[in-house]
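1. The amino acid sequence is not available; the structure is as follows:
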């Protein structure tokens, strides 16, 4: 399966600042990456699909101007939470769709964002 | 719209028990189904992937079955251990390349020593 690295694992920021989260596919070229958000005791909610070299596709209700996604290379996608507010505090996880016979999803280790 | 339900929401068992986690989905036209494990504050670890044409997959003490026609999958854990304590998530994928995953709410498992 794929190897996915996500950084940082946790971040605390002040309200109004922006935070960038990186998701790297270490062992293969990923044309598509996915960004999820998870609130405590809840399951994962897909925020957007990140496509290399083109604009991300956002799910309904997700503000594209607040959650900026850049997928400039086949191994890196970034999620920037702009002008963060306390309600943006959450667990953000990226994933990559693998290739080959195991054609499944591999997830990063997640980023705990706390906005104070 | 695909909906995925997992039962039970939480389960507490003594060490050594065999247990079954259930997952059901409303749209049987799935491409595959994947079981994940999530430890508190961590990302997801893939446990088993079952393609739509398969009936089951096994890995160590884990066995996952799939009955696509009835929209059900089960994850069987044999001889449970305290280290198995985690949240187990079932996710289904519709369509082919690039399709999204739809997750269940998860089953929080606690295995007591």
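-> Nice, thanks for sending it over. A quick note: this is a predicted structure, and the numbers were derived from the prediction, not measured.

2. Quick one: name the residues of chain B near chain A.
-> Selection of chain B residues close to chain A by C-beta under 8 Å from any C-beta of the partner chain yields B:32, B:34, B:36, B:41-46, B:49, B:51, B:89, B:91, B:93, B:97-98, B:100-101, B:103-106. Where C-beta positions appear, they are placed from N, C-alpha and C, glycine not excepted.

3. Near residue B:51, how many residues? Count them for me, please.
-> Per other C-beta atoms under 10 Å in any protein chain shown, the neighbour tally for residue B:51 reads 16.

4. cool, and residue B:68?
-> Should you count by other C-beta under 10 Å, residue B:68 turns out to have 18 residues around it.

5. Surely it touches residue B:28?
-> Yes - contact criterion C-beta atoms under 8 Å: residue B:68 and residue B:28 qualify, at 5.2 Å.

6. follow-up on the earlier one: buried subset of the residues of chain B next to chain A, written for PyMOL?
-> Selection command for PyMOL covering only the buried members of these, criterion 16 or more other C-beta atoms under 10 Å in any protein chain shown:
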select buried, chain B and resi 32+34+36+42+43+44+46+49+51+89+91+93+100+101+103+104+105+106
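
7. For chain B, just list every one of the strands.
-> Shown for chain B, the strands assigned by DSSP state E span residues B:4-7, B:10-14, B:19-25, B:30-38, B:44-51, B:56-59, B:62-67, B:72-77, B:86-94, B:101-103, B:107-112.

8. Can you lay out these as TSV showing distance to residue A:94 and mean pLDDT?
-> Formatted as TSV, those follow (distance: least, C-beta to C-beta, whole Å; pLDDT from 0 to 100):
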stretch	distance to residue A:94	mean pLDDT
strand B:4-7	21	95
strand B:10-14	27	97
strand B:19-25	23	97
strand B:30-38	14	94
strand B:44-51	11	93
strand B:56-59	24	96
strand B:62-67	24	97
strand B:72-77	24	98
strand B:86-94	15	94
strand B:101-103	13	90
strand B:107-112	23	97
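
9. can you redo those strands as JSON lines with distance to residue A:44?
-> Shown next, in JSON lines, are the strands of chain B (distance: least, C-beta to C-beta, whole Å):
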{"stretch": "strand B:4-7", "distance to residue A:44": "11"}
{"stretch": "strand B:10-14", "distance to residue A:44": "18"}
{"stretch": "strand B:19-25", "distance to residue A:44": "15"}
{"stretch": "strand B:30-38", "distance to residue A:44": "9"}
{"stretch": "strand B:44-51", "distance to residue A:44": "8"}
{"stretch": "strand B:56-59", "distance to residue A:44": "22"}
{"stretch": "strand B:62-67", "distance to residue A:44": "19"}
{"stretch": "strand B:72-77", "distance to residue A:44": "17"}
{"stretch": "strand B:86-94", "distance to residue A:44": "7"}
{"stretch": "strand B:101-103", "distance to residue A:44": "5"}
{"stretch": "strand B:107-112", "distance to residue A:44": "14"}
